[in-house]
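> Give me coordinates for this.
(one chain, ligands or ions: 1)
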Amino acid sequence: MSQYRLHPLPLPGLARIEHRRVEDARGAFSRLYCEDSLERFGAPFHIRQINRSLTRQRGSVRGLHYQAGPQPESKYITCLQGEVWDVVVDLRAGSPTFLHWHAERLKAGQGSSLLVPAGCAHGFQALSDDAELLYLHSADYAPEHEGGLSVLDPRLAIAWPLPVINLSARDEQHPWLDDRFTGVTV
Ligand SMILES: Cc1cn([C@H]2C[C@H](O)[C@@H](COP(=O)(O)OP(=O)(O)O[C@H]3O[C@H](C)C(=O)[C@H](O)[C@H]3O)O2)c(=O)[nH]c1=O
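Modelled structure (predicted):
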């Protein structure tokens, strides 16, 4: 039986989900996601959409994205190939960790996923070439309610492990946060 466990991380609701592989002579099997277990852990997550991204070059950064408004979105992220440095920023108005960030290394085959709560921005830097991520989303894609933060915002001071390269044109233009930003409500 493959184990499936939740390990809380420093931002409220952020967690690493451990899903150890069961190995035998044929290879390996693991339960990547389990709605029932997550409900029992007090971290309910119902899938509305599944995405996959491939990032070709080591050092590339995608993000920092979030979806708020009527369809706040939580994400469940698994690395299928290569390795990434995954970053989550707490944007929840009134959160004790408002604008704090936390990073986790996700590596293919390590047997874990990251549960990102609604109200948080998400991004990552590829630590390998050809890094592939599988995203489970708890809300339908709603670009009109999507927001973005600059990965180089001094107010966040994210300590990216490698020089940031290959930002998309959209990610290049996210404005820096100012004092008028009081967070999102979820
Ligand atoms: C998220 C999404 C995007 N798209 C379209 C929009 C663009 O034309 C294209 C690529 O989207 P984007 O440039 O937002 O992809 P990334 O920059 O890799 O962003 C992704 O990676 C960061 C780190 C995340 O956390 C986001 O969940 C996710 O948006 O797919 C869709 O058609 N459906 C979708 O659900």
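> switch to C-alpha atoms for all contacts and neighbour counts from now on
Noted.
> Doesn't residue 39 lie inside a helix?
Yes - assignment of residue 39 by DSSP: H, G, I helix; E, B strand; the rest coil places it within a helix.
> Nearest spatial neighbour of it, chain-adjacent residues omitted?
Leaving out its chain neighbours, the residue that sits closest to residue 39 by CA to CA, 6 or more residues apart in numbering is residue 45, at 7.1 Å.
> Let me know the pLDDT of the one you found.
On pLDDT, residue 45 comes in at 97.
> pretty sure it contacts residue 139?
No - using CA atoms under 8 Å, residue 45 is not in contact with residue 139, being 9.9 Å away.
> Identify the contacts common to those two.
residue 74 (CA atoms under 8 Å, 6 or more residues apart in numbering).
> per-residue confidence at the residue nearest to the spatial centre of the chain?
Centroid-nearest residue in the chain: residue 122, 4.7 Å away (criterion: CA atoms, centre = their mean). Looking at residue 122, its pLDDT stands at 98.
> Now the helix or strand containing it: buried residues?
Counting by DSSP states H and E, the element that carries residue 122 is strand 120-126. Residues of strand 120-126 classed as buried by neighbour count (16 or more other CA atoms under 10 Å): 120-126.
> again with stretch 27-46
30, 32-33, 38, 43, 45-46.
> which bits of the chain sit near the ligand?
When proximity is defined as CA under 6 Å from any ligand atom, the chain approaches the ligand at 62-63, 65, 122-124, 141.
> Endpoints of stretch 116-132, how far apart?
For stretch 116-132, the first-to-last residue distance is 17 Å (CA to CA, to the nearest Å).
> Who are the contact partners of the nearest residue to residue 68 once chain neighbours are set aside?
Nearest residue to residue 68 in three dimensions, chain neighbours excluded: residue 145, at 5.7 Å (CA to CA, 6+ apart). Counting by CA under 8 Å, 6+ apart, residue 145 touches 67-71.
> try it again with 10 Å
66-72 (CA atoms under 10 Å, 6 or more residues apart in numbering).
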